[in-house]
Each structure stands twice: as structure tokens, then as C-alpha cells.
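K.L.:
Sequence plus the predicted model coming up.
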Amino acid sequence: MSETLNLSAETRDRAGKGASRVLRREGRTPAVIYGGNEEPVAIHLEEKALNKALGTGHFFNSIVEITVGGKTVRTLPKDVAFHPVTDRPLHADFLRVSKNAEVHVNVPVVFANEDKSPGLKKGGVLNIVRHELEMICAAGSIPDDIVVDVSGYEVGDSIHISAVTLPNGVKPAITDRDFTIATIVAPSSLKSEEGDTTKTEAEG
């Protein structure tokens, strides 16, 4: 289960772009807490602390407890806007959640037992279709990741969500189809003319 992250915040007295610019110059990031049948609260966070939380790699599928005005609010990060050049966080949105509330979160996929896949052992390549899966679960039990076991898969096989063992209380948000998470492809299907490969690498 994802660990709970903690951030301290202060309320914002003034809104608007000018006030936000002043806050950013002081090393603060404007943010808002909304939802939960309460009025939105405009806050600002220490930019360093927010960057540290973002650097955990599981910020968006973690509960973030924000302490503001002596009160701690349980939230789920919904969005962070970044500066297009410097990548500084410019603004953050947090959704209030109760412990047992159902939330939609994107959870990273981790592949296990690649050494037990006959297709991969023959030189096949794991083609990942979805690096994250949108899941529905209780706010208090968000998984760190979804483990996909590739044991027994041959070249040409597809791994669907129905083949994945999900943690208790966790279900996929997509329920109308048995969607593909990854496929095992032959190496030749990934090869193109050398010139095209070089061009792609140069652009990337």
C-alpha cells in the first residue's frame, strides 16, 4: 500500500496571478483543496517539500495529509501544473477524501517472472501497452503497483487484465472490455530500416 505523504500549508489571503507570482518568488507553490462537500480552500506549500513528495514516484497514487491552520486534511493529488521550461511546480490541486471513500487512481504496472516466459527466453520482446492502470479502491488502501506475472507466455501472446491478480478491494475502472496490458512480440516486428531507427533516436 502506498505510504501517506505529509505536507504543511498556509492559507492564501489573495488570489490572482500577481499574488501567485509573489508566492513563487518566495519559494512557495499555490494550491487548492476542493471536494468533500466543502468550500475550496486556497493554500500555498513549500516548493521544496512539494518537489520531494513528487520525487517519491508515487505522488499521484498516495494519500497526502495537508496540515493547514492546525487542521490536517486527507487529500488525493489530482493535478500539478509545471513550468514548460524550468519544470518548477506552478500550481497543485488536491481532492479531499475520507478514509473509506472510493477513489480513481492511476497505479504503475510492474512485470514479474520475465525469466519464466518461454517467449521472452527465446528473444521475444515485452511490448508494454499500458504502463499504468486506472483503478478504483478505498482511499486508505491504494496499492503501490499492480504486479503482472508473465510466466508461461509465448511470442504472440497478449496479457489481458483478466489474467492479473489484483489486490483485495481493488478493481479496474474499465469494466466493459478485457483490455490488453502487454504483448510478447517477435524481435523482427520491432525492427525497421536502419535509417528510420537512427532518425527516431535523433528525434527522441
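P.N.:
That came in fine, so what should we check first? Every value quoted in this text rests on a predicted model; they were computed, and no experiment measured them. Residues are numbered from 1 along each chain as shown.

K.L.:
which stretches of the protein aren't confidently modelled?
P.N.:
Counting by pLDDT under 70, the chain shows low-confidence ranges at 1-2, 15-16, 188-204.

K.L.:
quick one, domains of it?
P.N.:
The chain is divided into the following domains under automatic domain parsing: 5-97, 103-191.

K.L.:
all helices in this structure, in order from the N-terminus.
P.N.:
Assigned by DSSP state H, the chain shows helices spanning 17-25, 47-54, 118-121, 194-203.

K.L.:
Throw the domains of the chain into CSV and include mean neighbour count, thanks.
P.N.:
From N, CA and C alone the C-beta is placed, and that goes for glycine too. Listed next are the domains of the chain as CSV, based on neighbours: other Cβ atoms under 10 Å:
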stretch, mean neighbour count
domain 5-97, 16
domain 103-191, 15
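
K.L.:
Just give the closest residue to Val150, not the sequence neighbours.
P.N.:
Using Cβ to Cβ, 6 or more residues apart in numbering and skipping residues adjacent in sequence, the residue nearest Val150 is Ser117, 4.5 Å away.

K.L.:
The one you found and Asp157: what is the separation?
P.N.:
9 Å (Cβ to Cβ, to the nearest Å).

K.L.:
Give the residues shared as contacts by the two.
P.N.:
Ile184 (Cβ atoms under 8 Å, 6 or more residues apart in numbering).

K.L.:
just to revisit the earlier point, is the residue nearest to Val150 in contact with Val148, as I believe?
P.N.:
No. Applying Cβ atoms under 8 Å as the test, Ser117 and Val148 come out as separate, 11.1 Å apart.
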